[in-house]
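1. My questions are about this predicted structure, shown below with the sequence.
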Amino acid sequence: MTTINKIKNLRPTEIDGSFKYSCPNCSSDYWATLKQVRCREFVIVCDCETILKPKPVELIRIVYKKKKQKKVSEDVLDPEILDRCCKSLMSYGFDKEEATKLIQKAYKDTKNTDCATLVKMSLSNFGENNGKCN
């Protein structure tokens, strides 16, 4: 039985880049290497006797794909924070369902994740609603 090694995020050890240039007079194509086009005095002499002077290339950057991050919904409060805030409200006499609704509404309004701020806002919202939980 053989073991297969899986190597991730392997990057190249070398690159072979070439550039294609076309003569504006006769449309003939010419290829030049990266080393050639980096040289300031590099020229291409076309078959139609036109001298082509490519603009020197200073640098080529390779940009690798970034890992996709899991998108966290902005409208959902972290369950751990929600639980801590609910426990605080439950100590004021709210049941679990009421506390959850109040905390979620406070989070939706403020987008704040500080427990003290959410509890304070929940109590304020509760007072404004005259004791009605929505």
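-> Looks like it came in fine.

2. got the residue ranges for the helices in the protein?
-> 34-38, 79-90, 96-110, 115-128 (DSSP state H).

3. Run through the neighbouring helices and strands of the third one.
-> For helix 96-110, the packing partners by 3 or more C-beta pairs under 8 Å, 6 or more residues apart in numbering; DSSP states H and E come out as helix 79-90, helix 115-128. For the C-beta atoms, the positions are set from N, CA and C on the backbone; glycine is no exception.

4. Please report how far Leu12 lies from Glu97.
-> Check again: residue 12 is Pro, not Leu. 57 Å (C-beta to C-beta, to the nearest Å).

5. more neighbours, the two?
-> Between Pro12 and Glu97, counting by other C-beta atoms under 10 Å, Glu97 is the more crowded of the two (10 against 7).

6. So which of the helices and strands packed on helix 96-110 is nearest Glu41?
-> In terms of C-beta to C-beta, the element of the helices and strands packed on helix 96-110 nearest to Glu41 is helix 79-90, at 64.6 Å.

7. Counting neighbours, show which residues of the closest one come out buried.
-> 82, 85-86, 88-89 (16 or more other C-beta atoms under 10 Å).

8. Do me a favour and get the end-to-end distance for stretch 32-51?
-> This stretch, stretch 32-51, spans 14 Å end to end (C-alpha to C-alpha, to the nearest Å).

9. Report the mean confidence score over it.
-> Stretch 32-51 comes out with an average pLDDT of 93.

10. what's that stretch in contact with?
-> When contacts are defined by C-beta atoms under 8 Å, 6 or more residues apart in numbering, stretch 32-51 is touched by residues 15-19, 21, 23-26, 28, 30, 52-54, 56-58, 60.

11. For that stretch, buried residues please.
-> Quick answer for stretch 32-51 (16+ other C-beta under 10 Å): 32, 36-37, 42, 44, 46.

12. before we move on, what about stretch 21-30?
-> Counting neighbours by 16+ other C-beta under 10 Å, stretch 21-30 gives 21, 23 as buried.

13. For it, measure first residue to last.
-> Start-to-end, stretch 21-30 (C-alpha to C-alpha) is 5 Å.
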